[in-house]
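**Student:** Here's my sequence, what's the structure:
(one chain, ligands or ions: 1)
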Amino acid sequence: MKRFMNYLAVMLFIATGLTTVQAQTQEYTIDGMIFGMPEATVFTDDYDGPPVVGDYVTMLPKLAKLDYEGNRHHQVRLDTFVQEIEVAEGVRYRAWTFGGMVPGPVIHVREGDRITFTMKNRSDEMVQINEPVSELLMNGENTGGPSGLDISYEVNEEEFASPYLKQIRENNYMNTQPSIMPMPHSMDFHSGTVAKDDKWRTIAPGETIQFDWVANYPGTYIYHCGTPSVLMHTAMGQHGVVVVSPKEGYETDDRIDHEYVVVQSEYYLKKGAGDIYQYDFEAAQNINPSHVVFNGHQTILHDQPLKANAGERVRIHFSNNGPSQTSSFHVIGAIFDRVWMEGHPDNEMKGMQTVLLGASNSATVEFIVPEEGKYILIDHEFADAEKGATGTLSAGPRQ
Ligand SMILES: [Cu+2]
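**Tutor:** Okay, here's the model as predicted:
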């Protein structure tokens, strides 16, 4: 069997024009954790299917429920491609994205899960993700095709390869439009423990990379493009988070009413030609962002507030994706009842007003919503708050 696999690997190498060859890594275990992933493969194919695939891959601030016991082997695809997006009222730029939005999708797995990750660099391709479901249904009716319901079923089969794609089409608040900017890219999962020069390799437009990693440590981790200038690639939009839920859970798991994911990040934009903004190299070098935002958009968490009721326990996986600044995360009117630094259940703190996070740090925080009203999520570094790093949790009456 092993000989056959080696043969297969050689054939794959020949068929795909793999350029680097490394020694085959042997898998091994330390303290129950798995290391030594097989060598990544890089190949070209004519894949033009759904750019995001994965059962537990969602759009911020949502987190998919892990409705399976024990561990699972996930197949996840996040293609990288260009979309023109809105990041604040009247501010649009051609973002480099994982999956079409900034930040990219939330990937949820459990500690010990294995992920086979696939990414095609489609930066030279118009990738359409913005067709609303209603329009797809109407097109079916207009062309005398099957009824809307049937089309919707077909769409589910073919296109909705992840909850994320369905969610983006139902709620495309960045009003994404496909665009092209051919560029080499790569993927660096902080949640993975692998050799960077193999798995985090840069691939050219048209190429696909595939590799495995195991979620050995629980927590919330950034992923980002690692191709130079990493500052530019990350600031242009290539970042997101993986939430690795602990195998044994958090001690409050049975008391949680709402679980959300919020990501803080910076944009460095200046007005370019026409109405489109563009990357500001100097501002990025001087760490002078034009916008500091939650979930990629200056007002999204006010336009679409998080929801809860008085007396409920809310958990937020909060990640400061940077690329360069710190965040002093606070919720006005609440105290963090529990804080797990980096989301690891052993790193527990209690009764915190503010959590200080460096670039690429995260925390899983919980608080009890005291009464009906509005609670402002904020970076207590007020210069950043005034550039957009705020959001709302809207609380209803106690049930
Ligand atoms: Cu990149």
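
**Student:** mind saving the C-alpha coords of stretch 318-327 as CSV?
**Tutor:** Presented in CSV, the C-alpha positions along stretch 318-327 are these (Å, rounded to 0.1, in the frame of the first residue of the first chain):
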residue,chain,number,x,y,z
PHE,A,318,-11.9,37.9,19.7
SER,A,319,-8.9,38.0,17.5
ASN,A,320,-6.6,41.0,16.8
ASN,A,321,-5.5,40.2,13.3
GLY,A,322,-3.5,43.5,13.0
PRO,A,323,-1.4,43.5,10.9
SER,A,324,0.5,45.9,13.1
GLN,A,325,-1.5,47.4,16.0
THR,A,326,-2.5,46.3,19.5
SER,A,327,-6.1,46.1,20.7
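
**Student:** Run through who's touching it.
**Tutor:** 103, 220-222, 224, 230-231, 234-235, 239-241, 261-266, 284, 287, 289, 292, 329, 355-365, 379, 381, 384, 389 (CB atoms under 8 Å, 6 or more residues apart in numbering). C-betas here are computed from N, CA, C, even on glycine.

**Student:** Sort out which of those are in helices and list them.
**Tutor:** In helices, defined here by DSSP state H, the members of the contacts of stretch 318-327 are 230-231, 234-235, 284, 384.

**Student:** who touches the closest residue to H291 other than its chain neighbours in this structure?
**Tutor:** In space, and not counting its chain neighbours, H291 is closest to Y267: 4.2 Å by CB to CB, 6 or more residues apart in numbering. Y267 sits next to 87, 93, 235, 289-293 when contact means CB under 8 Å, 6+ apart.

**Student:** May I see those arranged in JSON lines, with neighbour count as well?
**Tutor:** Converted to JSON lines, those look like this (neighbours: other CB atoms under 10 Å):
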{"residue": "V87", "neighbour count": "24"}
{"residue": "Y93", "neighbour count": "23"}
{"residue": "A235", "neighbour count": "28"}
{"residue": "P289", "neighbour count": "25"}
{"residue": "S290", "neighbour count": "20"}
{"residue": "H291", "neighbour count": "20"}
{"residue": "V292", "neighbour count": "22"}
{"residue": "V293", "neighbour count": "27"}
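
**Student:** Between these, which sits nearest N347?
**Tutor:** Closest approach between those and N347, by CB to CB: V292, at 25.3 Å.

**Student:** Can you spell out which residues form a bridge with the closest one?
**Tutor:** Note on V292: beta-bridge partners by DSSP bridges are E266.

**Student:** List the contacts of it.
**Tutor:** 264-267, 325, 379, 384-385, 387-389.

**Student:** Just the buried ones from these, in PyMOL syntax?
**Tutor:** Of the contacts of V292, the buried ones can be selected in PyMOL as follows, counting by 16 or more other CB atoms under 10 Å:
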select buried, resi 264+265+266+267+325+379+384+385+387+388+389
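
**Student:** With distance to H297 as added columns, please give the contacts of V292 in JSON lines.
**Tutor:** Formatted as JSON lines, the contacts of V292 follow (distance: CB to CB, whole Å):
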{"residue": "Q264", "distance to H297": "12"}
{"residue": "S265", "distance to H297": "10"}
{"residue": "E266", "distance to H297": "13"}
{"residue": "Y267", "distance to H297": "10"}
{"residue": "Q325", "distance to H297": "17"}
{"residue": "D379", "distance to H297": "15"}
{"residue": "D384", "distance to H297": "15"}
{"residue": "A385", "distance to H297": "15"}
{"residue": "K387", "distance to H297": "13"}
{"residue": "G388", "distance to H297": "8"}
{"residue": "A389", "distance to H297": "11"}
